[in-house]
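Engineer: sequence first, predicted coordinates after that:
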Amino acid sequence: MKEQTGQTLLEILLALGASVMILSAIAVIVVSSLNSTRFTKNQNLANQYAQEGIEIVRRTRDSGGWAGFPAGTYCLSSGSTSLPASSVPPCATANVGIFIRQIDIIASDCPGAGGGPSGSRVKSKVSWIDGKCPDNDYCHKVELISCFYNINQKPAP
């Protein structure tokens with residue numbers, strides 16, 4: 001009878017150990033899935049904010065305000081509908097939730113279209129930080145790059 005009691009205790013311990021391992025594996029999978037979902041959500045938001053930045057530059061160009069925006073770096077905060085009046089050093093702190101959104105305009109960095117004037121390269125960059133970033137550095141980023149031309153400027157004959 002004593003052998004059977006020891007055998008039952010051993011079976012209970014093995015079953016308990018297997019249950020703990022299975023529950024731990026499930027917990028790891030759930031946490032990993034949540035982290036992946038959060039990263040994907042942030043990446044989609046960053047893409048949206050970068051596209052909004054390009055649209056703001058396009059609206060500025062189309063409204064005739066292009067001449068007033070020389071090459072430089074512009075920080076776009078949440079709710080911005082136009083470029084700020086002046087260029088700034090690179091953006092260092094979050095200005096749209098957990099994201100840093102900045103626009104870099106580099107004049108004459110695009111070839112002329114059809115022999116026309118050269119355009120400006122516009123880079124809309126959105127960076128963010130999460131638990132995967134070492135040293136609390138903004139290690140994730142999305143960049144959209146486009147060439148913009150002054151629509152009021154006519155090509156040379």
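Structural biologist: That came through, no problem.
Engineer: mind listing what's buried in stretch 87-94?
Structural biologist: Buried residues in stretch 87-94, counted by 16 or more other C-beta atoms under 10 Å: S87, C91, A94. The way it works is simple: take the backbone N, C-alpha and C, and place the C-beta from them, glycine included.
Engineer: save these as TSV, and put in pLDDT, secondary structure and distance to E11 too.
Structural biologist: Converted to TSV, the buried residues of stretch 87-94 look like this (pLDDT from 0 to 100; DSSP: H, G, I helix; E, B strand; the rest coil; distance: C-beta to C-beta, whole Å):
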residue	pLDDT	secondary structure	distance to E11
S87	81	coil	73
C91	88	coil	62
A94	88	coil	55
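Engineer: residue contacts, K125?
Structural biologist: Neighbouring residues of K125 by C-beta atoms under 8 Å, 6 or more residues apart in numbering: A50, I100, R101, Q102, I103, D104, K141, V142, E143.
Engineer: output the lowest mean pLDDT helix or strand found in this structure.
Structural biologist: In the chain, the helix or strand scored least confidently by mean pLDDT, DSSP states H and E is strand 99-110, which has a mean of 87.
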